[in-house]
Structures are given as structure tokens and as C-alpha cells.
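Participant: here is a sequence with its predicted model. Questions after.
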Amino acid sequence: MTGPVDVRHLGLMLALTFSTGVVDAVGYLGLDRVFTGNMTGNVAILGMALAGGAGLPIVGPLVALGGFLAGAGAAGRFLRRAPSGWSPSATATLATVTVLLTAVACTLLLVGRPHGSATDVVTALLGLAMGAQAAAARAIAVPEVTTVALTSTIVGLAAGPFGELGRTSGATRLLAVALLLAGAATGALLVRLDMGLGIALAAAICLTVTVTGLAEHRTPRRA
């Protein structure tokens with residue numbers, strides 16, 4: 001059975017899955033139709049754009065991919081020697097993600113929707129943050145939850161044994177899909193008011209996850 005600490009980690013990663021949906025909605029609707037968390041979508045958009053898809057962006061997906069790779073690569077190297085599960089390195093990584101998201105949110109709230117090269121800068125920073133978050137989630141290693149991608153989760157949900165929805169793994173997959181969907185819907189609604197609000201919400205969620213994970217890590221485990 002899953003122990004109490006594992007359940008806490010699962011809840012924290014699901015919260016980050018929700019925030020990824022928010023950030024991706026803000027990116028797609030406010031930053032020239034790019035995803036900053038879902039790299040599969042960017043690759044597909046880029047491929048269609050290179051094949052002559054009318055009106056599809058090329059620079060934006062490339063910038064998002066570059067930022068994501070840089071964030072995941074840097075965080076991955078930083079976390080390489082960290083033990084599996086929550087660690088001080090995971091805390092530091094997610095704290096950095098929180099700082100990046102907060103900086104972007106404050107800029108957007110003060111300046112407004114970016115234009116021109118400023119759009120690429122925001123895209124790169126969000127991609128950097130989401131890449132680092134993905135690396136942290138990989139190090140924390142909660143089964144079925146990557147926080148940034150759902151394709152394998154949906155495959156596991158559809159192809160799993162009959163009746164798996166009543167088990168922990170099936171429920172986790174279903175919840176991850178529902179939370180990303182809810183996050184995307186929330187982000188889309190917030191973009192109508194101010195796209196900075198969506199990033200601010202994601203930053204607040206990441207801060208909460210970081211502080212909660214740190215407190216749990218510091219609390220001695222009972223036998």
C-alpha cells in the first residue's frame with residue numbers, strides 16, 4: 001500500500017500538474033500559440049508550420065523547446081546525485097521555478113501582454129521553468145505523474161486492466177488528466193482578465209508545493 005509520505009508527494013505533484021495546465025493555457029492563448037510545458041504539442045505545431053501550415057508559428061515553438069531543454073538539462077544535472085523522492089535539491093529546484101514564475105507574473109501584471117521580442121523572452125522563461133519543474137518531478141518519482149505530459153498516462157488509463165479505476169494507479173491517472181484539464185480551463189479564464197494572473201496562480205501553487213514538501217521532508221518519519 002502507499003504510505004502517508006507517498007500520498008503527500010502524489011498530492012504535491014498533482015497540484016503541479018494543475019499549474020502546468022494553467023501555464024500552458026496562458027502560453028497558447030497569450031504567447032502566439034505555443035506550449036511551455038507540453039513539448040509534444042510544440043513539436044507538432046513546429047512540424048506543421050515547417051510544412052507550410054498557414055499562420056502557424058515557428059519561432060515561438062523553437063524558443064519554448066530551447067527554454068524547456070535548458071531548464072530540464074540544468075535541473076537534471078543538479079538533481080543527478082539527489083536521492084529518489086523529496087530532497088533538498090528538489091526543494092531548491094522548485095524554489096527556483098517559483099522565482100522564475102513570480103518574476104514573469106510580476107512583469108506581465110505591471111507591463112501587460114508582451115509584444116515582439118518580449119514575447120519570446122517570456123516564452124523562454126516559462127519554458128525554462130517548466131523544464132526545471134519536469135526534472136524535479138522526475139527526481140521525486142511519483143508513479144504516473146510527470147506534471148507536464150499526459151499521453152502515457154492516458155494510454156495507461158485506457159489500456160490498463162479492467163476495473164483499474166477502482167485502484168490507486170487508475171485513480172491517479174484519471175485525476176492527473178482531470179487536473180490538467182481543469183488547470184487549462186482556469187488559465188483560459190484568467191487570460192481574459194490578465195495573463196499575468198494565470199502565471200501568478202501557477203507561482204503561488206509552486207510556492208505552496210515547495211514549502212509543503214520542505215516541511216514534510218524535515219519532519220521525522222514515524223515508525
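Facilitator: Looks like it came in fine.
Participant: CA only for contacts and neighbour counts going forward, please
Facilitator: Noted.
Participant: by contact count, what packs against the helix or strand hosting residue 46?
Facilitator: Residue 46 is located in helix 39-50, with elements delineated by DSSP states H and E. Other helices and strands packing on helix 39-50, by 3 or more C-alpha pairs under 8 Å, 6 or more residues apart in numbering; DSSP states H and E, are helix 59-79.
Participant: residue ranges with poor pLDDT in the chain?
Facilitator: Within the chain, the stretches with pLDDT under 70 are 1-6, 144, 148-170, 218-223.
Participant: what is the burial count for residue 208?
Facilitator: 17 (other C-alpha atoms under 10 Å).
Participant: which element is it on?
Facilitator: Counting by DSSP H and E, the element that carries residue 208 is helix 195-218.
Participant: swap in residue 191?
Facilitator: According to DSSP H and E, residue 191 maps onto helix 168-193.
Participant: mind giving me the packing neighbours of that helix?
Facilitator: By 3+ C-alpha pairs under 8 Å, 6+ apart, helix 168-193 packs against helix 4-30, helix 151-159, helix 195-218.
Participant: ok, 6 Å please
Facilitator: Judged by 3 or more C-alpha pairs under 6 Å, 6 or more residues apart in numbering; DSSP states H and E, helix 168-193 is in contact with helix 4-30.
Participant: in the helix it packs on, what's buried?
Facilitator: The neighbour-count check on helix 4-30 (16 or more other C-alpha atoms under 10 Å) flags 6, 9-30 as buried.
Participant: same deal with stretch 100-116?
Facilitator: Under the neighbour-count criterion of 16+ other C-alpha under 10 Å, stretch 100-116 has 100-105, 108, 113-114 buried.
Participant: just how off-centre is the helix holding residue 208 within its chain?
Facilitator: Put simply, helix 195-218 sits 12 Å off its chain's centre (C-alpha atoms, centre = their mean, to the nearest Å).
Participant: contact partners of it?
Facilitator: Contact with helix 195-218 is made by 12, 19, 91, 94, 98, 101-102, 105, 108-109, 187, 190, as judged by C-alpha atoms under 6 Å, 6 or more residues apart in numbering.
Participant: tabulate the CA atom coordinates of it in PDB.
Facilitator: Extracted as PDB, the C-alpha positions of helix 195-218 are listed here (Å, rounded to 0.1, in the frame of the first residue of the first chain):
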ATOM      1  CA  MET A 195      -2.500  36.800 -18.500                       C
ATOM      2  CA  GLY A 196      -0.300  37.700 -15.500                       C
ATOM      3  CA  LEU A 197      -2.900  36.400 -13.200                       C
ATOM      4  CA  GLY A 198      -2.500  32.800 -14.600                       C
ATOM      5  CA  ILE A 199       1.200  32.900 -14.100                       C
ATOM      6  CA  ALA A 200       0.800  34.300 -10.600                       C
ATOM      7  CA  LEU A 201      -1.600  31.500  -9.700                       C
ATOM      8  CA  ALA A 202       1.000  29.000 -11.000                       C
ATOM      9  CA  ALA A 203       3.700  30.700  -8.900                       C
ATOM     10  CA  ALA A 204       1.500  30.500  -5.800                       C
ATOM     11  CA  ILE A 205       0.900  26.800  -6.400                       C
ATOM     12  CA  CYS A 206       4.600  26.100  -6.900                       C
ATOM     13  CA  LEU A 207       5.500  28.100  -3.700                       C
ATOM     14  CA  THR A 208       2.900  26.100  -1.700                       C
ATOM     15  CA  VAL A 209       4.200  22.800  -3.100                       C
ATOM     16  CA  THR A 210       7.800  23.800  -2.300                       C
ATOM     17  CA  VAL A 211       7.100  24.900   1.300                       C
ATOM     18  CA  THR A 212       4.900  21.900   2.000                       C
ATOM     19  CA  GLY A 213       7.400  19.500   0.500                       C
ATOM     20  CA  LEU A 214      10.200  21.100   2.500                       C
ATOM     21  CA  ALA A 215       8.200  20.900   5.800                       C
ATOM     22  CA  GLU A 216       7.400  17.200   5.100                       C
ATOM     23  CA  HIS A 217      11.000  16.400   4.300                       C
ATOM     24  CA  ARG A 218      12.100  18.000   7.600                       C
END
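Participant: alright, calling it a day.
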